[in-house]
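Participant: Everything below, folded, please.
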Amino acid sequence: MEVNELQKYLLANRIQSSSNSVSLIKKLENLELPSNVKCIKKEVAEIDHFKIVPENYKIAIIDFEGSPVFLCGILIHNSIRIYYIEKIVDKIDLYLTIFKILKVACDLIFFSFSDHERIELLNLYRYLRVQEIDVSEFEFIITFPIVNLQKNKSKFESLQEAIYSLNSKATAFTGDALFRNNKLVNTLFTYRKFDEVISHNINCLLNGALLFLKRWYKNYKL
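Facilitator: The predicted structure follows:
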C-alpha cells in the first residue's frame, strides 16, 4: 500500500512506543528457517555520526537485493538480519520466510529508500499465488505499507544525493563499492560473491536508518 503525505504525518506521531524492540528481535531469532535460507546477524554500534534507532521506535528498515529477489535485509533498533539464498531455485522458501518475518513484525512501520520494496513485495506475493502456493495467511501483504524515504517522488533522488544532502559526516556508509552501481548485484550472485552483496545490503540499511533519523522523522514529526 502506498503511503500518502497525510498518512506520513500520522505515522510519524505513532513511531514512539512504550514497548521496545528487544522482544521482537528475540521472536525473529526463534523463527525456524528452511535449511536453504541463510541468516546473517549483525549488531550496529553507535558512532559519532550515526545514532542507532532507539528501542522504543516502532520502525524497521527493509531492503531487497536481486532480480529476482535473492536477499532481504532488515534493520530493527541496532540489530540487522540478512536473509538470503545461494541458489535461485530456492526463492519460494525465501519469499515465504520474508512473509513470516513481516507477519511477526507487522506492528512496526517499515521504511525503504524508494518504492521498490513495496512493489516487489506484491510481486513476490503474486508469484507465489501463480505457483499455487497457499498464501492465505499472508493476505496482509496486499495492503502492507512500506514508507518511501525519498524526499520528492515527482523528481528522482538517488541514494547518494540523499546522503550527501545531510551533512559531511553522514557519508561514512558510502564506502560501498556498489553504491553507484547496484546492477552488479545479480552478477555477484551468479559468481557466488555473497559477502560483497551482504556488505552492500548492510550499507543500504544503515543509510536508510540515517535518512530516517536525520531527515524523514524530523520532517514529519509534529
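
Participant: residue nearest the centroid of this protein?
Facilitator: By C-alpha atoms, centre = their mean, the mean C-alpha position of the chain lies nearest to I62, the distance being 0.6 Å.

Participant: N148 versus that residue, what's the distance?
Facilitator: From I62 across to N148, the span is 12 Å (C-beta to C-beta, to the nearest Å). To be clear about C-beta, it is placed using only N, CA and C from the backbone, and glycine gets the same treatment.

Participant: shared neighbours of those two, anything?
Facilitator: 111-112 (C-beta atoms under 8 Å, 6 or more residues apart in numbering).

Participant: is it true that F99 touches I141?
Facilitator: Yes - counting by C-beta atoms under 8 Å, F99 touches I141, with 6.2 Å between them.

Participant: so what's in contact with those two at the same time?
Facilitator: In contact with both F99 and I141: 124-125, 135, using C-beta under 8 Å, 6+ apart.

Participant: after the top helix by length along the chain, next one along is what?
Facilitator: For the chain, the helix that runs over the most residues, judged by DSSP state H, is helix 194-211. Counting by DSSP states H and E, the element after helix 194-211 in chain order, helix or strand, is helix 217-220.

Participant: can you pull out the strands in the protein?
Facilitator: Assignment of strands within the chain using DSSP state E yields the ranges 38-43, 59-65, 71-76, 79-84, 109-112, 146-148.
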